[in-house]
Structures are given as C-alpha cells and as structure tokens.
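Asks: Have a look at this fold, sequence not included:
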C-alpha cells in the first residue's frame with residue numbers, strides 16, 4: 001500500500017513537471033513566432049515603403065495582417081503597427097529613415113485554450 005502511494009506521488013510530480021515544460025516551450029515558440037512576424041513586417045512593408053515616404057511619418061496596418069502558415073495551416077502570427085518616419089541628420093542634408101514593426105503571436109495552452117497574445121517589436125534604421 002505504501003509503495004503504491006509513493007509511486008502515485010512520483011507519477012503526479014513527473015506529470016506536473018512535464019506539463020510545465022510543455023507550457024514554457026509553447027510560450028518560447030510563440031515569442032519566436034512574434035519576432036518572425038515582426039521582421040516579416042519590416043521586410044514586406046517597411047523597407048518597401050521607406051523610399052516612397054513623402055510625409056514625415058506614417059503608420060501602416062494598425063489592425064494587423066496575418067503572416068505565413070504553420071504546419072497546421074494556421075497563421076504564424078501577424079505584423080501590425082508598422083511605423084515609418086524620417087529625420088534630417090544634424091548639420092547635414094542626409095536623411096535617416098526609421099521603421100518599427102510589431103509582431104504578435106498567440107500561444108496555446110496544453111488544453112488548446114488561447115491566452116493573451118505575445119507582442120515583440122523590432123526596428124531598423126537606414127541612412128541616405
């Protein structure tokens with residue numbers, strides 16, 4: 001009887017540890033998907049629009065746009081809030097271009113429930 005109870009305690013502890021590890025791994029995976037989507041926003045939209053920028057600043061896709069598909073055919077994440085602006089370099093006529101992009105991915109729990117989305121922002125600067 002004692003052996004059975006001890007074995008059950010070890011089994012429950014092992015399953016709890018495995019459950020926690022899978023949740024942490026899904027969170028890390030969602031962080032990388034958010035970064036990947038943010039960089040996709042930079043490359044697909046931000047870099048393309050910078051040379052054509054006629055105003056001092058602009059905000060594109062404030063609601064977001066889905067990017068790519070994962071192995072299950074669902075979007076990897078979405079990029080949004082692509083903010084582009086320019087400045088003149090001090091004591092010069094050179095322009096500095098800035099672009100910021102936010103990526104968003106939603107991790108799933110082990111039960112398949114959605115939790116709060118993870119957002120990551122990346123930026124890039126260019127000089128002309």
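Replies: Structure received. In this text the structure is predicted, and so the values were computed from the model without any measurement.
Asks: Residue 97 - how many residues pack around it?
Replies: A count of neighbours around residue 97, defined by other Cβ atoms under 10 Å, yields 19. All C-beta atoms are positioned from the backbone trio N, CA, C, and that covers glycine.
Asks: mind checking pLDDT for residue 40?
Replies: Reported pLDDT at residue 40 in the predicted model: 93.
Asks: Could you give the number of residues near it?
Replies: 21.
Asks: That one: what's it in contact with?
Replies: Residues in contact with residue 40 (Cβ atoms under 8 Å, 6 or more residues apart in numbering) are 67, 68, 79, 103.
Asks: okay, the last one: pLDDT?
Replies: Here the pLDDT value assigned to residue 103 is 96.
Asks: Give me the nearest residue to it, chain neighbours excluded.
Replies: Of all residues not flanking residue 103 in the chain, residue 38 sits nearest, at 2.9 Å (Cβ to Cβ, 6 or more residues apart in numbering).
Asks: Could you point out the helix or strand that follows the helix or strand containing that neighbour?
Replies: Here residue 38 sits within helix 2-41, counting by DSSP states H and E. Later in the chain than helix 2-41, the nearest helix or strand by DSSP H and E is helix 47-49.
Asks: Looking at the residue nearest the centre of the chain now. What's its pLDDT?
Replies: In the chain, the residue lying closest to the centroid (Cα atoms, centre = their mean) is residue 34, at 1.4 Å. Model confidence at residue 34, given as pLDDT, is 95.
Asks: Could you do residue 18 as well?
Replies: If you check residue 18, the pLDDT there is 67.
Asks: re earlier: what's the residue nearest to residue 103 in contact with, if anything?
Replies: 79, 101, 102, 103, 120, 121, 122.
Asks: Could you give me the PyMOL selection string for whichever of those residues are buried?
Replies: This is the PyMOL syntax for the buried subset of those, where burial follows 16 or more other Cβ atoms under 10 Å:
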select buried, resi 79+101+102+103+120+122
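Asks: Take the contacts of residue 38 and lay them out in CSV including secondary structure.
Replies: What follows is the contacts of residue 38, written out as CSV (DSSP: H, G, I helix; E, B strand; the rest coil):
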residue, secondary structure
79, strand
101, strand
102, strand
103, strand
120, strand
121, strand
122, strand
